[in-house]
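Trainee: I'll drop the sequence and a predicted model, then ask my questions.
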Amino acid sequence: MSKDPSEWHPETVLIQGGLSRSHHMETAEAIYMTSGYVYDSAEDAEHAFKADGARYVYSRYANPTVTTLQERLRLIEGAEACVATASGMSAVYNALIPLVKAGDRIVASRALFGSCTYIIGEIMPRFGVEFEFVDGTDLEQWEAALSRGAQAVFLETPSNPTLEIIDLPKVCELAHAAGATVVVDNVFATPGNQKPLELGADVVIYSATKHIDGQGRCMGGAILGTQEYCKEKVTPFIRHTGPSLSPFNAWVLQKGLETLPLRVERQSATAFALARKFEDHKALSRVLYPHLDSHPQVELAKAQMKLGGTMLTLELNGGKEAAFKLLNGLKVATISNNLGDSKTLATHPATTTHQRLTDDERVAMGITDGMLRVSVGLENVDDLINDFERALSVL
Ligand SMILES: *Cc1c(COP(=O)(O)O)cnc(C)c1O
């Protein structure tokens, strides 16, 4: 077999990519749990600092375990470079901050992960960066907002929790015509399942806390883009402000990548089965799943995403009361606002993840009181169907 990872299939890349064995020739990846590095002589130290990045000098700058994770992610995403971060939010912040300065503008889709809305809508304006939120599914709104100029575009597709799909090729085209860099939060779609860079995006970010870990153990994030953007723009910010990923977390995440395609395939198949099973249930007004024929953008979802993803959103006829009853009645699925775990997790967005928003903001994002978001895990599909069936039957 070729030793060139660019000739391998994704499953092979995720197991062998970026592997760099120590002189002990260990099978599994080593954890380089070290903050510093030593030198043979004063001259050697001088050379290491002159080499600028060719040697490890301090783990806020770079660490071998983190390097392996970055290389594996870079290969699977098909990006020129990858910078790992301590969390998904530090990835979002550090992806956007090098793109803007006072007087610049960010245009973003409205249906974002809550903390992304805070960065763009609350933090950036304090430093003179303006913003405009648009309905991500409405190309006319993108066009109008971008006609007023922008340096960065930020979006998430499918969105949280309404699973709306944004037309990546079209929005990227509009953004590039306006001279903006497009940053896509690809967490809900997962790596490999949707390739924003191939669809026109410039930068992809991940919360590795979700499917990349996949077992709900540790925080992490990643920024992927061109060599020039990662090395010249992002890396100096990371190095000097310090949201560096812990080597231990990098190791957990790189082991998570080994099973990512298997997990996402199974979880997506189970999510699709649950969506089909409950689509016409009389206690539900809507079942949202990107690859379900009744999804308003199913064609676009199929064009952009290989699988429909691991997330499923249910809307109950009986509003908040029914949603709470369903949550409290589940015995296999667990109540949690996290996602991308091997455990099936369900949450009521209006009172948890999106509680901070005003009623009007929630309406604008399409989040209703009867909505439940389900992150489908790796449990047996029939056990999950029975669990939801039983909890729904008492409504
Ligand atoms: C979780 C999440 C984030 C933030 O990631 P953290 O690892 O929690 O910091 C950003 N975007 C999306 C879509 C997420 O689900």
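Mentor: That came through fine.

Trainee: please name the nearest non-neighbouring residue to the residue of the stretch 151-300 of the chain found nearest the ligand.
Mentor: Among the residues of the stretch 151-300 of the chain, S207 lies closest to the ligand, at 2.9 Å counting by CB to the nearest ligand atom. Heads up, the C-betas are built off the backbone N, CA and C, glycines and all. Sequence neighbours aside, G88 is the residue nearest to S207 in space, at 2.4 Å (criterion: CB to CB, 6 or more residues apart in numbering).

Trainee: what about that neighbour, neighbour count?
Mentor: G88 sits with 24 neighbouring residues when counted by other CB atoms under 10 Å.

Trainee: now the residue of the stretch 151-300 of the chain closest to the ligand: how far from I15?
Mentor: Here the criterion is CB to CB, to the nearest Å. By it, S207 lies 22 Å from I15.

Trainee: what do you get for S268?
Mentor: Distance of S268 to I15, given as CB to CB: 20 Å.

Trainee: contact partners for the residue nearest to S207?
Mentor: G88 sits next to 113, 187, 205-210, 219-221 when contact means CB atoms under 8 Å, 6 or more residues apart in numbering.

Trainee: follow-up on the earlier one: quick one, phi/psi of the residue of the stretch 151-300 of the chain closest to the ligand?
Mentor: phi -90, psi 110 (degrees, to the nearest 10).

Trainee: tell me the bridge partners for it.
Mentor: Per DSSP bridges, residues listed as beta-bridge partners of S207: G221.

Trainee: that one reaches A91, doesn't it?
Mentor: Yes: look at S207 against A91 with CB atoms under 8 Å: they come within range, at 7.0 Å.

Trainee: and these two? Which one has more around it.
Mentor: More crowded of S207 and A91, by other CB under 10 Å: A91, with 31 against 27.

Trainee: please name the nearest non-neighbouring residue to that one.
Mentor: Using CB to CB, 6+ apart, the closest residue to A91 is G221 (3.3 Å).

Trainee: so L284 makes contact with T313?
Mentor: No: no contact is recorded between L284 and T313 when judged using CB under 8 Å, the distance being 10.4 Å.

Trainee: for A86, give its distance to V252.
Mentor: Note on A86: its distance to V252, by CB to CB, is 13 Å.

Trainee: okay, and the common contacts of these two?
Mentor: When contacts are counted by CB under 8 Å, 6+ apart, A86 and V252 are jointly contacted by G220.

Trainee: for the stretch 51-200 of the chain, which residue gets nearest to the ligand?
Mentor: Shortest the stretch 51-200 of the chain-to-the ligand distance, computed as CB to the nearest ligand atom: residue-wise this is G88, at 2.1 Å.
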